[in-house]
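Asker: show me the folded form of this:
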Amino acid sequence: MMPEPVICDTTPAAMTTLPYYTADDIRKALPMPAAIEVMRAAFRALHAGAVTMPVRLGMNTPNGLCLFMPAHIQNGGLGQKVVTVFPGNPANGLPTIHAIILLLDPANGQPKALLEGTYLTALRTGAVTGLATDLLANPQARVLTIFGAGGQAAHQIEAVCAVRPIEAVRIISRSHSAAQLATKLAKSDPTRRYIAHTTDNASASEAAVREADVIVCCTTSRQPLFDGAWVRAGTHVNAVGAYMPLMREVDATLLNRAVVTVDDRAAALHEAGDLLIPIADGTWSADKIVADLSQLAAESVQLPYDPQRITFFKSDGLAVEDIAAAQAVMAAVLH
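Answerer: Residues are numbered from 1 along each chain as shown. Okay, the predicted model is just below:
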């Protein structure tokens, strides 16, 4: 006779003993330079075949989108992130995005900890941008232009500045949030110039693109944010905002001029509108993807710096990033 299964104790008393790490805990435990190195190790593990990670599951509801993102890193972490994107939330005084991460014990499946996921998502997304920029951008890049001034923007700026000697940051958004972010960053970091304007100022947007050494696109746009012909030789572009097949931040002109890299081909060709839309209309081809970030991090594909080359990195966001970052937070807190 088979033994009766032992069911996990999920009573309120048992669950309240589960450690919970807040955004402030995460901020203290994992500063951006350390987070970038955690992402480097995570992508090397992915390249080595040491990661089990299904393509994330998306579920639409009447009010928003739910995403479920599990991953297992051998000799590392096991867990899942749940993230929701509800566009109507700001009208009710709530953030558009909520997220939480559950870490499990790889040895026995027992729940180990919960982590606030909204801040951690912004941190690890910025860290991946920092890693891609470190691997692909001009070593002397000094001007950063970023489209978008939402919750991710400050982390994107911090990450690029952590790996390149950025002297000027141009922030572009549809609203006055760009000016607010520029003012805030200038107070905390007076060593750099922060210039902001809205997308209504078309000439300023064009100039910001033409003068940039690094460009970050961090919006939920459904139309390209700028003409790819404006991007000058030697520029590196990170597209991190569009996360659904109908979203798009860059045009086919840019893709056809650039060396195109992605965080993961399967994920990118499943949901990255930046790539799927030009593939569908025949203006670009998926076989032009040169490398995954895991190949670059592991140096199995090497792209020596060329001052005339434009590079493009498409980030979709992978569960391995969340679990690696969450595991690093736990290790730092418990150390």
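Asker: contacts and neighbour counts: CA atoms only from here.
Answerer: Will do.
Asker: which strands and helices lie in contact with whatever helix or strand Thr121 lives in?
Answerer: If you go by DSSP states H and E, Thr121 is part of helix 117-136. Here helix 117-136 touches helix 23-29, helix 32-47, strand 78-85, strand 97-104, helix 153-163, strand 236-239, helix 293-298, helix 319-334, going by 3 or more Cα pairs under 8 Å, 6 or more residues apart in numbering; DSSP states H and E.
Asker: avg pLDDT for the last one?
Answerer: Yep, that's helix 319-334 we're talking about. The average of the pLDDT scores along helix 319-334 is 95.
Asker: on that earlier part again, so for the helix holding Thr121, mean pLDDT?
Answerer: For helix 117-136, the mean per-residue pLDDT is 97.
Asker: residues contacting the helix or strand just after that helix, please?
Answerer: Going down the chain from helix 117-136, the next helix or strand is strand 143-147, by DSSP H and E. Residues outside strand 143-147 that contact it (Cα atoms under 8 Å, 6 or more residues apart in numbering): 153, 157, 160, 166-173, 208-209, 211-219, 225.
Asker: angle of the helix holding Thr121 against strand 97-104?
Answerer: 90 degrees (axes from the mean of the first three to the mean of the last three Cα atoms, to 10 degrees).
Asker: ok, now which ones touch Lys301?
Answerer: Heads up, residue 301 is Val, not Lys. By Cα under 8 Å, 6+ apart, the contact list for Val301 reads Ala291, Gln295.
Asker: touching, Asn138 and Ile215? I think so.
Answerer: No - counting by Cα atoms under 8 Å, Asn138 stays clear of Ile215, with 11.8 Å between them.
Asker: which one is Ile172 nearest to, not counting chain neighbours?
Answerer: Excluding the flanking residues, the one nearest Ile172 by Cα to Cα, 6 or more residues apart in numbering is Phe147, at 4.8 Å.
Asker: quick one: distance of the helix holding Thr121 to the chain centre.
Answerer: What separates the centre of helix 117-136 from the centre of its chain is 5 Å, taken as Cα atoms, centre = their mean, to the nearest Å.
Asker: neighbour-wise, which of Asn138 and Ile215 wins?
Answerer: Ile215 (26 against 22; other Cα atoms under 10 Å).
Asker: can you tell me which residue is spatially central in this protein?
Answerer: Thr125 (2.6 Å; Cα atoms, centre = their mean).
Asker: how about the secondary structure of the residue nearest to that residue when sequence neighbours are not counted?
Answerer: Using Cα to Cα, 6+ apart and skipping the chain neighbours, the partner closest in space to Thr125 is Gly317 (6.8 Å). Assigned with DSSP: H, G, I helix; E, B strand; the rest coil, Gly317 falls in the coil class.
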